[in-house]
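Undergrad: Quick one, structure for this:
(3 chains)
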Amino acid sequence: MQSAQPNSDSETSWGRKDLVELQSLSAAELNLVLQTAAAFKTVGTRHIKKVPALRGKTLVNFFVEPSTRTRVSFELAAARLSADVINMSASASSLTKGETLKDTARNLEALHADVIVLRHSSAGAAQFLAERLESSVVNAGDGAHEHPTQALLDAFTIHEKKGRIEGLHVGIVGDILFSRVARSNLFALTRLGAQVTLVGPSTLVPREFERLGVKVSHDLDAVLPELDVINLLRVQHERQSRSYFPSLGEFTSLFGLTKARAARLREDCLIMHPGPINRGVEIDSDVADSGRSVILDQVTNGLAVRMAVLYLCNAARSGETIS
Amino acid sequence: MQSAQPNSDSETSWGRKDLVELQSLSAAELNLVLQTAAAFKTVGTRHIKKVPALRGKTLVNFFVEPSTRTRVSFELAAARLSADVINMSASASSLTKGETLKDTARNLEALHADVIVLRHSSAGAAQFLAERLESSVVNAGDGAHEHPTQALLDAFTIHEKKGRIEGLHVGIVGDILFSRVARSNLFALTRLGAQVTLVGPSTLVPREFERLGVKVSHDLDAVLPELDVINLLRVQHERQSRSYFPSLGEFTSLFGLTKARAARLREDCLIMHPGPINRGVEIDSDVADSGRSVILDQVTNGLAVRMAVLYLCNAARSGETIS
Amino acid sequence: MQSAQPNSDSETSWGRKDLVELQSLSAAELNLVLQTAAAFKTVGTRHIKKVPALRGKTLVNFFVEPSTRTRVSFELAAARLSADVINMSASASSLTKGETLKDTARNLEALHADVIVLRHSSAGAAQFLAERLESSVVNAGDGAHEHPTQALLDAFTIHEKKGRIEGLHVGIVGDILFSRVARSNLFALTRLGAQVTLVGPSTLVPREFERLGVKVSHDLDAVLPELDVINLLRVQHERQSRSYFPSLGEFTSLFGLTKARAARLREDCLIMHPGPINRGVEIDSDVADSGRSVILDQVTNGLAVRMAVLYLCNAARSGETIS
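TA: Predicted coordinates:
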């Protein structure tokens, strides 16, 4: 993480053409991504925010489930690596004509797409493509499975602010049950030596999660003073109608990071949120804008982390290195 | 305006990181934009239509209200300055998930967006962002408030064709009441020394406009022979249902630029329209295509004017100059 | 087709600023496109997949009828020629405000669009624009008229795989009646010396087609063993409701390329489809993925053919040659 040279002096090498999930990544691989991202982060502060690493390469942002924020972050990351970017959304794509995901993807491969960034509502969609294509496939969120670049940017931000991840206590709070963000986070953080506690109502945070090496709590107030990092997930409003919790107001009263609760956090506790935030629901508006909040740092770091992932996967696929 | 060198030998400097409205611009500032645009206009005629002025910079076209024409014009202007362009529309953006405009914009800032071009249905939206962001904000139309680059391209076109703006009599005709184009035009033109007369039915052109330093008339035929420039605004069809005027036919008979009326214009009167035109409503189809019509010149000049605005605002924000 | 140098040593020159249809193209012109595409195809295999041929030029993808595949293919072709690309779709465009196609196109011309790629539901739309604009117009499909780049990529693929087109017997099967793909194919292939047989139910393949110099058959099984190439068109599901054929099942039993029928094809018969394929309808899924299928080669070749068309039309319009 100290070096400005991607990859230099590292004993680890990156051999994955795809990034589908974090569950199988070693600590060395995770650290390599973070170290590479640190090098790329400096590009964002330059007068000319571009490097030629992916010049002449084609990245396809293939979003079968819409997400402007993630799409824009990948699009900017690719532009800064000098790649050409094509955006495709589901409603616009041939999927609406009954074509299968596999056929659409094989068409992209036939067009010499070097990297396909896939967002899809079905768990396993990215893995399905990665196994069948020569193109690199980067998972930008697949159903309730994983969202690896989100967790990597969270880990990067924690390391940047705290100087380490090992030994920290990270609380992930709220709508955990179907959260790909929570899953990717807990895989990365436990692998890097953090202690993770998942906090929320029992309907959204069942005890079964303990099998994944984390603690489960239904009492935020008890956990609050012990945390080095608190990561608040976005409440999915549609959950309410399905009776996972009685009302937004009751959710907030039990699991929202109100001003009163924020006052009970450690002074140096980081406040994180993957965005977009529901001000006044999972987090108080003033708390979101307070000095301990690193929510916008997460956005900035997302760019550097995605540059690193695109760079590493492309290099592993093509056998190329930066000149 | 004679020099091909942007900014050279000018005593005025541009200190605004944003362009939100024209109401507060001095004549010197307005002239500086027009002079810079004249220099950039030559780029459009070159073999390779690009300059490296914004290379490595990121422009976000953030259109919360749709407008293909304006979006395309800004996108091309940015491409010719070698910037990277990201397009975001409202329906696709997180605004649909309930995120506030401010949060969306702060996310764009966290992604190191250098310039945000905002189109929004609410007056004041661009000002709101400009005050809160370090990014440059360029207003591409905000509700019934202003549309500054449209008025600048209108002024540029008048100056290009007439050699001056001072002392000219410009009639702006039609659907004035909620028109941001009319507002920005009258601010720019009166500041540059033109006489402006607003013409239309009393429901759409109330006397109150005279407080802004212009004349108001409800009789186009009386004003017609005195004009050096006639600028016909697009009739918003939805007005009809709200009873601002009885019918399109009656509007055309009183305020449309028919062939008969065009014959009564001065021989050298410029015919302008911000587009898209309703042929046969506010302007006769043959008149729109006639030799005095500069409607397509306006489109071409929009590109040069937007290049100038992006260049100047970016330079003021970053303290950079063209090398 | 042997030379890697576009255009070199060719006695034919390309004088068309537009590509609207293939019906009027000479064999020499068709061969020139194929030869130029062969040269560009090598670009797709390079480390950096770009040439500066259209640097500083602007291409507008203007799709009034949606087609992600064709749009992406043209967008990538333009990117590889280093052009700037603007995407415009119909619903987003001013056409929804009642502007005419001509006015929209003249606006694009006023913005110095060098090439306009038009997809439109009305036959004749591309010709209409080509006659009125100085910009190059490339037809990306206009109603039931023509889809010239699709037929060129089909011809390119046949030539690439077979070494020749003259003397081959090509069957085009299925939904021919309103198919612009079939029309462009039969014009190109007959001009290049192939024998073409159109096969399908009499409702979709009327005898009148014989006037265009092709054979018509309603019996696929009779034709099958004689073919060097079989090109299966996509069944338009909406046809069924209009009673052109009784059911998808019956269509498949009579005209689908099932495994049994594929076994009766010559061993070296090419299997083609313009995509997206309806697996199990006009073609069996395993047959589509079999060794004789060149469906994905068609996609790859589409890129090279479109690069060639954009390059040639731009050069003819501007009088420029590659440096």
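
Undergrad: any residues touching stretch A:19-27, and which ones?
TA: Applying CB atoms under 8 Å, 6 or more residues apart in numbering or on different chains, the set of residues contacting stretch A:19-27 from outside is A:12, A:30, A:126-127, A:130, A:137-139, A:145-146, A:148-149, A:151-152, A:183-184, A:187-188, A:191-193, A:309, A:313. Glycine gets a C-beta too; all of them are placed from N, C-alpha and C.

Undergrad: In contact with A:V299, which residues?
TA: A:V299 touches A:R69, A:S73, A:G275, B:N107, B:A110, B:L111, counting by CB under 8 Å, 6+ apart.

Undergrad: Identify the residue nearest the second one in space, chain neighbours excluded?
TA: Nearest residue to A:S73 in three dimensions, chain neighbours excluded: A:G302, at 4.9 Å (CB to CB, 6 or more residues apart in numbering or on different chains).

Undergrad: Then the fifth one?
TA: Residue nearest to B:A110 in three dimensions, not counting chain neighbours: A:V299, with 3.7 Å by CB to CB, 6+ apart.

Undergrad: Quick check, pLDDT for that neighbour.
TA: Looking at A:V299, its pLDDT is 97.

Undergrad: picking up where we left off before, narrow the contacts of stretch A:19-27 to just the buried residues.
TA: Among the contacts of stretch A:19-27, those scoring as buried are A:30, A:126-127, A:130, A:137-139, A:145-146, A:148-149, A:151-152, A:183-184, A:187-188, A:191-192, A:309, A:313 (criterion: 16 or more other CB atoms under 10 Å in any protein chain shown).

Undergrad: Please work out which residue of the stretch 51-200 of chain A is closest to chain B.
TA: For the stretch 51-200 of chain A, the nearest residue to chain B under the criterion CB to the nearest CB is A:A79, separated by 4.3 Å.

Undergrad: Show the average pLDDT along the host helix or strand of A:A260.
TA: Secondary structure from DSSP states H and E places A:A260 in helix A:259-263. With pLDDT averaged residue by residue, helix A:259-263 scores 97.

Undergrad: ok, residues contacting that helix?
TA: Under the contact criterion CB under 8 Å, 6+ apart, helix A:259-263 has outside partners A:L220, A:D221, A:L224, A:I271, A:D284, A:D286, A:V287, A:S290, A:R292.

Undergrad: Any buried residues in it, and which?
TA: A:R261, A:A262.

Undergrad: Could you give the separation of that helix from the chain centroid?
TA: A distance of 26 Å separates the C-alpha centroid of helix A:259-263 from that of its chain, computed with CA atoms, centre = their mean, to the nearest Å.

Undergrad: then it to CSV, C-alphas only?
TA: The C-alpha atoms that make up helix A:259-263 are tabulated as CSV, following Å, rounded to 0.1, in the frame of the first residue of the first chain:
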residue,chain,number,x,y,z
LYS,A,259,-27.7,11.5,16.8
ALA,A,260,-28.1,10.0,20.3
ARG,A,261,-26.6,6.7,19.1
ALA,A,262,-23.8,8.5,17.2
ALA,A,263,-22.8,10.2,20.4
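
Undergrad: Might you report the residue contacts of the residue in the stretch 1-150 of chain A that chain C sits nearest to?
TA: Evaluated by CB to the nearest CB, the stretch 1-150 of chain A has A:G56 as its residue closest to chain C, separated by 3.1 Å. With contacts defined as CB under 8 Å, 6+ apart, A:G56 is in contact with A:D84, C:R46, C:H47, C:I48, C:K49, C:K50.

Undergrad: Grab the nearest non-local neighbour of the fourth one.
TA: In other words, C:I48. A:G56 (3.1 Å).

Undergrad: quick one: the residue of the stretch 1-150 of chain A found nearest chain B and A:A79, what's the gap?
TA: As assessed by CB to the nearest CB, chain B sits closest to A:I48 within the stretch 1-150 of chain A, at 3.1 Å. Distance from A:I48 to A:A79, counting by CB to CB, to the nearest Å: 12 Å.

Undergrad: quick one, which of those two is more surrounded?
TA: A:A79 (22 against 13; other CB atoms under 10 Å in any protein chain shown).
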